[in-house]
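K.L.:
quick one, what's the 3D model for this:
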Amino acid sequence: MSKRILIVDDEPFVVETLKFSLEQAGFECLAAYDGSEAIEAVRREEPDLVLLDIILPKIDGLRVCRLIKLDERYRHVPVILMSSRVQEKEWSTAREGGAEDFLVKPFKMQELMGMIHRHLKEE
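P.N.:
Predicted coordinates:
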């Protein structure tokens, strides 16, 4: 059974590009375009991993990450935060919020795939 990844970004082009590459690699992909949709999708779809942009409409990605990690039912779901911000502060805030990894945009697909495989390795 293929692993399910929720891609959350307010830019449809980014979502579609990531979705295409991840589906080619054998993952099932879900999409959300703002923080509220992301929370709903996590609760409804129970993805295996969340790929989450920080700058989102309605609820920002850091808060979405915190909400996922505070919920007993979903705290096990790995979250990889993405941002075009490259400040050290962003990474420490992401860690404090419970994110497993942080990816600076633009990034290489191999880098993302490595992170995904590391966090989805079979137990």
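K.L.:
only C-alpha atoms from now on, for both contacts and neighbour counts.
P.N.:
Noted.
K.L.:
stretch 3-13: which residues count as buried?
P.N.:
Judged by neighbour count using 16 or more other Cα atoms under 10 Å, the buried positions of stretch 3-13 are 4, 5, 6, 7, 8, 9, 10.
K.L.:
try stretch 13-32
P.N.:
So for stretch 13-32, counting by 16+ other Cα under 10 Å, buried means 15, 18, 19, 22, 27, 28, 29, 30, 31, 32.
K.L.:
residues in contact with the fourth one?
P.N.:
Contacts of residue 22 were listed using Cα atoms under 8 Å, 6 or more residues apart in numbering, and they are 28, 29.
K.L.:
which element follows the host helix or strand of it toward the C-terminus?
P.N.:
Taking DSSP states H and E as the criterion, residue 22 maps to helix 12-24. Note on helix 12-24: by DSSP H and E, the next helix or strand toward the C-terminus is strand 28-32.
K.L.:
distance from the chain centre to that following strand, please.
P.N.:
10 Å (Cα atoms, centre = their mean, to the nearest Å).
K.L.:
output the contacting helices and strands for that strand.
P.N.:
Under the contact criterion of 3 or more Cα pairs under 8 Å, 6 or more residues apart in numbering; DSSP states H and E, strand 28-32 touches strand 4-8, helix 12-24.
K.L.:
can you lay out the ones you listed as TSV showing distance to residue 56 and mean pLDDT?
P.N.:
Shown next, in TSV, are the helices and strands packed on strand 28-32 (distance: least, Cα to Cα, whole Å; pLDDT from 0 to 100):
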stretch	distance to residue 56	mean pLDDT
strand 4-8	8	98
helix 12-24	12	97
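K.L.:
redo the ones you listed as CSV? Include distance to residue 107.
P.N.:
Below are those laid out as CSV (distance: least, Cα to Cα, whole Å):
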stretch, distance to residue 107
strand 4-8, 15
helix 12-24, 11
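K.L.:
with that, I have no additional questions.
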